Every structure is written in C-alpha cells, then in structure tokens.
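Take this sequence and fold it.
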Amino acid sequence: MTTTTFAVRPASSRQLAGTGTLLRFALRRDRLMIPVWVGVNALMVLSMPGTLEGLYGTTAERADLIRQMETNSSLRAMVGPVFGESLGALTAWRVGVYAGALAAVMSLLVVVRHTRDEEESGRQELVASGMVGRRASLTAALLAAAVANAVLALLVTAGLAGHGTTGALALGLGIAGVGMVLATTAAIVAQLTESARLARGLASAVLGAAFVLRAAGDSARDDGSSVLTWLSPLGWLENLRPYADERWWLLALLAGAVGLQGAVAYGLAGRRDIGMSFLPTRPGPATGRLGTAGALAWRLQRGSVLGWSIGFFLAGAVYGGMTEGAADLVGDNAGARRIFERMGGQSGLTDAFLASMVGMLGMVAALYIVASVLRLHGEETSARAEPLLANAVGRLRWAAGHLVIAFGGSALIMMLAGLGFAAGYGKQTGPVLGACLVQLPAVWVIGGLAVLLYGVLPRAAVAAWGVAGAVLLIGWVGPALDVPQAVLDVSPFGQLPKLPGGSMEWGPVLVLTGLAVVLVAGGLAGLRRRDMTT
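Residues are numbered from 1 along each chain as shown. A predicted model of the protein is given here:
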C-alpha cells in the first residue's frame with residue numbers, strides 16, 4: 001500500500017500566489033507610462049547641474065544665493081532651503097522636492113491603476129477566479145511602483161555621480177523613498193474607496209497636503225527644522241541633505257513609513273471582498289438634480305473641479321506673493337534673467353516672472369482638461385455609459401455634459417489663478433487676470449486633441465497624457481536648457497502673447513481657439529459614428 005503526500009503551502013504563500021505573473025502583466029501594461037514618467041523626472045534632475053553652473057558659476061554668486069534664500073521666505077516655500085554651495089547641493093535644492101513629488105504622482109497612479117481600477121472594471125474578479133492569491137494584485141502593484149522608483153533612483157545616482165557618488169546615491173534613494181511612501185498611501189486609499197477616481201483624488205490630496213506642510217515649514221525656518229516640515233515626507237527628502245553632510249538615518253524613516261503603511265494596506269485588503277470598500281459610495285437619486293446628462297456629469301466631476309479650483313487659487317496667491325522676492329533673488333544674474341525672459345517674454349523682470357508663472361499654471365491646466373475629457377473614456381470602458389445611452393440620451397448630449405465641465409472648468413481654474421495672483425501680489429489685477437485667461441486657447445487645443453483621440457481612436461485616448469506631459473516638459477525644462485526657439489514654439493503655449501508686459505496679439509489667440517473647435521468637432525463626429533467599446 002502506497003501513501004501519497006501532498007505539500008501544503010503556508011497560508012502566506014497562498015495569499016501571494018500568482019504575484020510574479022501579475023507583476024509581469026502590470027509592467028507590460030505600463031511599458032509606455034512608466035518609462036515616460038521616469039525619463040521626464042530623470043531628465044529634469046540630470047539637466048539641472050549644467051543649468052545651475054551657468055547661473056551660479058562663481059563662489060560669490062553661490063554665496064549670494066544662499067544669503068538671499070536665508071532671508072526670502074516666499075522662495076523657500078517654493079523650493080526649500082539651500083544646504084550647500086556645490087553643484088550637487090544646488091541641484092538637490094532646486095529640483096529635489098519636485099522630483100520627489102513627480103515620483104509620488106507616478107507611484108500613486110501605478111498602484112491605483114493595478115488595484116482599484118482593476119476591481120472597478122471587473123477584471124480583478126475574473127483574475128481572482130484562477131489560482132491567484134488574495135493579496136497578489138496588491139503586491140504586484142506595489143512591486144511595479146518599486147521597479148519604477150528603483151530605475152529612477154539608478155538613473156539619478158548614475159547621472160549625478162560625477163558631482164559626488166555619495167550625494168547622488170542619497171538623492172536617488174530619497175526620491176525613490178518618497179515615491180514608495182505615496183505608493184503605500186495609495187494602496188491604503190484603494191482599500192478604503194469604491195472608486196478609482198476617488199482613490200486617485202484622495203492620494204493626490206495627501207501629496208498636496210505634504211507639499212503645503214513642507215512649504216509652510218520652510219517659509220518659517222531657513223534650515224528645514226520646522227515641525228511642519230518634519231510632518232511631510234517631502235520635508236524628509238530635503239532634510240536628507242544630499243551633498244551636504246547626508247543624514248542617512250532619514251532613509252530608515254522613509255523605509256519605516258513604507259513598511260507601516262504597507263502593513264495597514266495588507267491588513268485592509270484581507271478584510272474585504274473584491275469590489276467592495278470600507279467607504280462605499282453613497283447611491284444618489286435618479287431624478288431631480290440628476291435628471292439630465294449634464295447634471296450627472298457635474299455630479300461625477302464636481303469634486304475634481306473643486307479641488308483644482310482651490311489648488312489654482314492658492315498657487316496663484318503663492319506665486320503672486322513671491323513676485324517681488326524673485327526679482328530680488330535674480331538681481332544682476334544674467335543667466336537667470338534670460339531664463340525668465342525666455343519663459344515670460346522680453347519685458348521687465350517682474351512682468352517676465354509673472355508671465356512665466358502664469359504660463360506654467362496654464363500648462364498644468366492642460367492636465368486638468370485631459371483628465372476631465374478622458375472621464376468620458378472611463379465611463380465608456382467601465383460599461384457605465386452603455387445603460388445611459390440605451391435610454392433617450394444621445395451620444396453627443398452625453399459627451400457635451402462632460403465637455404462643458406472640461407472646457408468651462410479650465411476657464412474657471414485659470415480665472416481663480418488670476419484672482420490668486422492679484423491677492424498675493426496686490427498689483428496689476430486686471431493685467432494678471434487677463435494673462436491667465438489668455439492661456440485658455442492653448443489649454444483648449446490640448447483638450448481638443450484629447451477629444452479627437454477619444455472620439456476617433458478610443459484605444460489611443462491615453463496618448464493625450466503624453467501630449468500634455470510633453471508640453472509641460474518643453475515649457476518647464478526647455479528654457480533652462482537653452483533649447484532652440486523652434487522647439488519651444490512646437491507647444492501651443494509658445495504661440496501665445498507673453499502677458500503681462502508684452503503686447504496683446506489676437507491673431508494667435510483666435511487661431512488656437514479655432515483649432516480647438518475643429519479638434520472637438522472632429523472628435524464628436526468620430527464618437528457619433530463608431531461603436532462603443534468596453
């Protein structure tokens with residue numbers, strides 16, 4: 001008589017079954033998104049030493065910069081304090097916080113995409129019916145974020161090693177650590193909410209709060225020692241002090257936050273059913289305020305509009321408040337003056353700074369309009385649009401509700417940005433508000449392109465994010481790298497008049513507005529004729 005024995009895997013092993021396969025699938029799905037995010041972030045960091053060397057090439061110029069930052073609280077709120085005079089230390093000062101924030105955005109998008117998005121679409125339920133562990137999808141999502149952040153850390157370390165290997169390693173690991181902190185934050189939020197959109201919004205709100213805390217703390221203290229700064233993971237990154245007597249123990253603090261939040265996320269994941277959440281969405285009425293397609297679109301997007309509106313008003317107020325300080329900081333530095341003038345036009349330094357900041361907010365507004373337009377794509381692919389369109393609601397009427405919010409919302413947030421500039425600066429209310437509104441034709445062109453892609457090539461609709469990202473990269477990094485003007489003019493924002501300070505030119509404004517109308521019309525025509533996808 002023979003006895004057959006069966007190997008029983010531990011419970012923890014069964015919970016992670018299939019993780020490797022899901023990780024490969026996640027990386028394959030993100031084979032474009034992750035390289036773009038990592039590449040743009042790494043390029044921003046690695047291009048900075050050359051730019052700073054041109055701006056602050058002498059010891060005297062660097063010492064003067066440090067003195068200015070010690071007394072200029074508004075600019076410390078924007079970029080943080082300076083801890084050293086070397087090019088490596090100045091690079092960490094100038095882009096460290098922003099690189100950490102970009103890594104955080106990339107990470108939260110990856111985690112939500114492969115957790116809550118999968119559950120909301122119904123794919124996770126299908127996957128879970130096979131030999132896949134309960135926590136495999138969450139593990140694969142976090143590992144995908146870890147791979148992206150590890151590659152980013154490697155690129156930053158290798159690219160800056162020439163300025164000091166130790167400092168480069170500290171900066172690379174710090175940026176990746178901030179990314180993973182927000183990845184685990186997103187993992188927790190994905191368990192709490194029933195909507196991927198809400199999960200992304202809440203995780204982004206946490207990142208925004210971290211940035212505000214760091215800014216408030218750095219505004220109060222010039223050495224990063226404020227309690228508010230220490231409440232933010234972005235503050236931990238700057239206090240790591242790459243290239244300035246590194247505080248390596250802060251990496252343990254970042255790792256501890258990742259481990260703690262990861263444990264909370266795993267605990268929550270084991271206590272709920274697939275598709276469910278700890279904060280279920282409250283069902284709304286089917287009549288009354290939701291009796292029209294436009295009202296439904298507003299209900300779905302009002303939270304996003306409110307968040308962007310508050311953010312743009314506060315950003316305008318902050319940039320307006322630091323306008324005078326920017327003029328003092330630049331002083332007689334010809335290189336810095338040339339960068340501001342390339343971004344803001346040939347005008348006085350104050351007007352050039354205002355124009356460059358207004359243009360930057362305009363390019364960020366392009367991200368809002370793309371997200372709002374692509375809400376149509378999300379409603380369609382999640383099969384929520386099909387039952388709606390089966391009733392007496394036409395496709396154009398359904399789409400119009402979302403497009404009014406997308407294009408009208410962009411006008412609202414730019415107007416609020418102008419009011420914020422006026423509140424912070426206290427001067428030139430009319431000109432600054434007009435400068436913000438002049439950005440709208442370029443914003444609408446990006447939105448029109450998103451509509452065209454969604455209407456004609458729905459599977460390629462996400463490429464609109466790449467367009468918006470490219471425009472932001474050209475406008476942000478291009479002037480600092482002294483790229484040819486022809487490259488800057490590729491962006492629709494490069495065609496706009498540089499206000500305030502420059503002369504108003506209606507020709508480019510009208511042409512861009514007409515182009516946006518044509519793109520939207522083409523997208524709606526394609527939507528009307530094609531089959532709906534799921």
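
And the helices in the stretch 251-400 of the chain?
293-321, 323-330, 334-344, 349-373, 375-381, 385-389, 395-425 (DSSP state H, counting those that start in this stretch).

Tell me which of those sits most buried.
With neighbours taken as mean count of other C-beta atoms under 10 Å, those reach their highest mean count in helix 349-373, at a mean of 25. (Each C-beta comes from the backbone N, C-alpha and C, glycine too.)

returning to what we had before: which one of the helices of the stretch 251-400 of the chain has the lowest average pLDDT?
Comparing mean pLDDT across the helices of the stretch 251-400 of the chain, the weakest is helix 334-344, with a mean of 54.

now the helices of the stretch 251-400 of the chain in a markdown table, with distance to Leu433?
Listed next are those as a markdown table, based on distance: least, C-beta to C-beta, whole Å:
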| stretch | distance to Leu433 |
| --- | --- |
| helix 293-321 | 10 |
| helix 323-330 | 15 |
| helix 334-344 | 16 |
| helix 349-373 | 10 |
| helix 375-381 | 28 |
| helix 385-389 | 37 |
| helix 395-425 | 4 |
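
Off-centre distance for the helix or strand harbouring Ala209?
If you go by DSSP states H and E, Ala209 is part of helix 196-220. How far helix 196-220 lies from its chain's middle: 11 Å, per C-alpha atoms, centre = their mean, to the nearest Å.

related to what we said a few turns ago, so which of the helices of the stretch 251-400 of the chain gets nearest Ile188?
helix 293-321 (19.1 Å; C-beta to C-beta).

what pLDDT, on average, does whichever helix or strand comes after the helix holding Ala209 get?
Tracing the chain C-terminally past helix 196-220 and defining elements by DSSP H and E, one meets helix 227-230 next. Taken as a whole, helix 227-230 has a mean pLDDT of 91.

which helices and strands does helix 227-230 pack with?
Applying 3 or more C-beta pairs under 8 Å, 6 or more residues apart in numbering; DSSP states H and E, one finds that helix 227-230 contacts helix 196-220, helix 233-239.

what's the most buried one of those?
Of the helices and strands packed on helix 227-230, helix 233-239 is the most buried (mean count of other C-beta under 10 Å), at a mean of 26.

ok, residues contacting it?
80-81, 92-93, 96-97, 100-101, 104, 174-175, 177-178, 181-182, 210-211, 213-214, 217-218, 224, 228-230, 247, 250, 253-254, 257 (C-beta atoms under 8 Å, 6 or more residues apart in numbering).

Narrow these to those that are buried.
Among the contacts of helix 233-239, those scoring as buried are 80-81, 92-93, 96-97, 100-101, 104, 174-175, 177-178, 181-182, 210-211, 213-214, 217-218, 224, 228-230, 250, 253-254, 257 (criterion: 16 or more other C-beta atoms under 10 Å).

And Ser47, its phi and psi?
phi -80, psi -10 (degrees, to the nearest 10).

Of the helices and strands packed on helix 227-230, which is nearest Gly514?
helix 196-220 (32.1 Å).

which other helices and strands contact that closest one?
Judged by 3+ C-beta pairs under 8 Å, 6+ apart, the packing partners of helix 196-220 are helix 73-79, helix 87-113, helix 116-121, helix 165-192, helix 227-230, helix 233-239, helix 293-321.

any chance of those helices in JSON lines, with distance to Gly523 too?
Shown next, in JSON lines, are the helices and strands packed on helix 196-220 (distance: least, C-beta to C-beta, whole Å):
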{"stretch": "helix 73-79", "distance to Gly523": "37"}
{"stretch": "helix 87-113", "distance to Gly523": "24"}
{"stretch": "helix 116-121", "distance to Gly523": "23"}
{"stretch": "helix 165-192", "distance to Gly523": "31"}
{"stretch": "helix 227-230", "distance to Gly523": "45"}
{"stretch": "helix 233-239", "distance to Gly523": "38"}
{"stretch": "helix 293-321", "distance to Gly523": "16"}
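
got the contact list for Ala423?
316-317, 320.

Ala26 now?
Listed by C-beta under 8 Å, 6+ apart, the contact partners of Ala26 are 110, 114, 140-141, 143-144.
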